[in-house]
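coordinates only, no sequence provided:
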């Protein structure tokens, strides 16, 4: 008998970034700008903490909410993860990356037929998680300048079915950091309409030019949820450890859901994360400076290439590039670059239908590899018919 899949499973699309990552594997000399997965090794002190954990046999299940020491360290705002909110450990749960945290949080608040406004561009998991709840994602894709959302347009999208507004600042894929006055406007709109705010702040530690402000500074914690992760700031993507921050009763109920989904985050990863956050000043500033230098390498290499337009990213390790002058959509551009130049990039369509005229490059590679990849893109653009 053939297995019959649920209607819900058919509604979920795989991400285009992962698709092009898989396609790139057929080339031995590919330059891979697709994933936000730094090639920088996890700092040695963090690895040593994990090894000590294993040798000390701290390898059993932890509490589903996470080890108390890590929850308390996050609550103390050790490296700016909470945006300055006055927290206790009961406001924090440790999850299997921020991805699980976001999924569980949507499950907590959404019923079938509800609507969620997601400020675009947005990575694919967010709307997919909404769909998994039987709800409807609405992408807010009109802007006042750059990629700063238009508040009047945001207001126009709100209906009696709207439950949540999702904010992602610093933004993946644009690297945009929302200014305090914009965050205040979003907060006021959410308060007026009685909506929850989800704030994805995974890149809050990777800000170059502007100070980061969390929307939690202007919006009450009882009506919002904050997500963060150790993946980017500490180059721990494979460790799968993140956190969710919210009102105590919300966290308590979310932990009950985690008990039935993943039980708990890896004990080893949690102790490694505790080392990372306890000595954050030692670990993440060199990583930030490494990416700042790589951003310059990328921008210098792109200088003068025809048909590409972009703004310098304020944060993250991404460059979101306008390719509309080429006459190609994002999938056609990515396919052509991969086949002709062996360069893998992520189509803008992956971040919303309105962004098919863009591509995303992740500068998570060594300087010489970045230069080589951009050199190939230059060759492609200069010979584009």
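Great, that's in hand. A quick note: this is a predicted structure, and the numbers were derived from the prediction, not measured. Numbering: from 1, shown residues only.

ok, now which ones touch residue 326?
Counting by Cβ atoms under 8 Å, 6 or more residues apart in numbering, residue 326 touches 307, 333, 381, 384. Heads up, the C-betas are built off the backbone N, CA and C, glycines and all.

how about low-confidence regions in this protein?
Confidence mapping of the chain against pLDDT under 70 gives the ranges 14, 24, 78-85.

next one: the spatially closest residue to residue 185 that is not a sequence neighbour from residue 229, what distance?
The shortest distance from residue 185 to any non-neighbouring residue, by Cβ to Cβ, 6 or more residues apart in numbering, is to residue 151 (4.8 Å). Relative to residue 229, residue 151 is positioned 28 Å away (Cβ to Cβ, to the nearest Å).

more crowded one of these two?
Comparing residue 151 with residue 229 by other Cβ atoms under 10 Å, the one with more neighbours is residue 229, at 27 against 15.

residue contacts, that one?
Residues in contact with residue 229 (Cβ under 8 Å, 6+ apart) are 97, 98, 202, 241, 242, 243.

also residue 143?
Contacts of residue 143 by Cβ under 8 Å, 6+ apart are 149, 150.

for it, what are phi and psi?
Main-chain dihedrals, residue 143, degrees, to the nearest 10: phi -130, psi 160.

show me the protein divided up by domain.
Here the domain assignment for the chain is 7-42+283-382, 44-281, based on automatic domain parsing.

need those domains in a markdown table (columns: distance to residue 1).
Compiled in a markdown table, the domains of the chain are given as follows (distance: least, Cβ to Cβ, whole Å):
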| stretch | distance to residue 1 |
| --- | --- |
| domain 7-42+283-382 | 17 |
| domain 44-281 | 26 |
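
quick one: the closest residue to residue 315 other than its chain neighbours and residue 383, what's the gap?
Take residue 315 and drop its neighbours on the chain: the residue closest to it by Cβ to Cβ, 6+ apart is residue 170, 3.5 Å away. Taking Cβ to Cβ as the measure, residue 170 falls 35 Å from residue 383.

who has more neighbours, those two?
Between residue 170 and residue 383, counted using other Cβ under 10 Å, the more crowded position is residue 170 (26 against 8).

OK, contacts around that one?
Contacts of residue 170 by Cβ under 8 Å, 6+ apart are 176, 177, 201, 203, 204, 206, 207, 212, 314, 315, 316.

so what's the residue count around the fourth one?
Looking back up the chat, that one is residue 203. Residue 203 is flanked by 26 other residues according to other Cβ under 10 Å.

again, but for the fifth one
Residues contacting residue 204 under the criterion other Cβ under 10 Å number 25.

what number of residues lie near residue 311?
Applying other Cβ under 10 Å, I find that residue 311 has 15 neighbouring residues.

and what of residue 212?
Neighbourhood size, residue 212 [other Cβ under 10 Å]: 18.

ditto for residue 26
Per other Cβ under 10 Å, the neighbour tally for residue 26 reads 10.

for it, helix, strand, or coil?
Classification of residue 26 by DSSP: H, G, I helix; E, B strand; the rest coil places it in coil.

ok, and the closest non-adjacent residue to residue 288?
Nearest non-adjacent residue to residue 288, counting by Cβ to Cβ, 6+ apart: residue 206, 6.0 Å away.

again with residue 127
Excluding the flanking residues, the one nearest residue 127 by Cβ to Cβ, 6+ apart is residue 137, at 3.6 Å.

which strands and helices lie in contact with the strand or helix carrying residue 376?
Applying DSSP states H and E as the criterion places residue 376 in helix 367-382. Secondary-structure packing of helix 367-382 (3 or more Cβ pairs under 8 Å, 6 or more residues apart in numbering; DSSP states H and E): strand 31-32, helix 280-302, helix 330-341, strand 343-344.

deepest of the ones you listed, which one?
strand 343-344 (a mean of 26; mean count of other Cβ atoms under 10 Å).

mind listing what it pairs with, with the direction of each?
Using DSSP bridges, strand 343-344 pairs in its sheet with strand 31-32 (parallel).

how about residues contacting the strand it pairs with?
By Cβ under 8 Å, 6+ apart, strand 31-32 touches 21, 24, 342, 343, 344, 365, 369, 372, 373, 376.

tell me the angle the helix or strand just after it makes with helix 280-302.
Downstream of strand 31-32, the next assigned helix or strand under DSSP H and E is helix 44-55. With axes from the mean of the first three to the mean of the last three Cα atoms, to 10 degrees applied, the angle from helix 44-55 to helix 280-302 works out at 130 degrees.

what packs against the very next helix or strand once past helix 44-55?
The helix or strand immediately downstream of helix 44-55 is helix 68-75, counting by DSSP H and E. Applying 3+ Cβ pairs under 8 Å, 6+ apart, one finds that helix 68-75 contacts strand 92-95, helix 267-278.

tell me the one of the contacts of strand 31-32 nearest residue 120?
Nearest to residue 120 out of the contacts of strand 31-32 is residue 21 (Cβ to Cβ; 22.1 Å).

now residue 134. Nearest residue, chain neighbours left out?
That would be residue 112: by Cβ to Cβ, 6+ apart, it lies 3.3 Å from residue 134.

figure out the helix or strand that that neighbour lives in.
Residue 112 belongs to no helix or strand, assigned by DSSP H and E.

just want the angle from the strand or helix carrying residue 103 to helix 267-278.
In this structure, residue 103 sits in helix 97-109 according to DSSP H and E. If you take the same axes, to 10 degrees, helix 97-109 sits at 100 degrees to helix 267-278.

now the element after helix 97-109, going C-ward?
Moving toward the C-terminus from helix 97-109, the next helix or strand (DSSP H and E) is strand 115-119.
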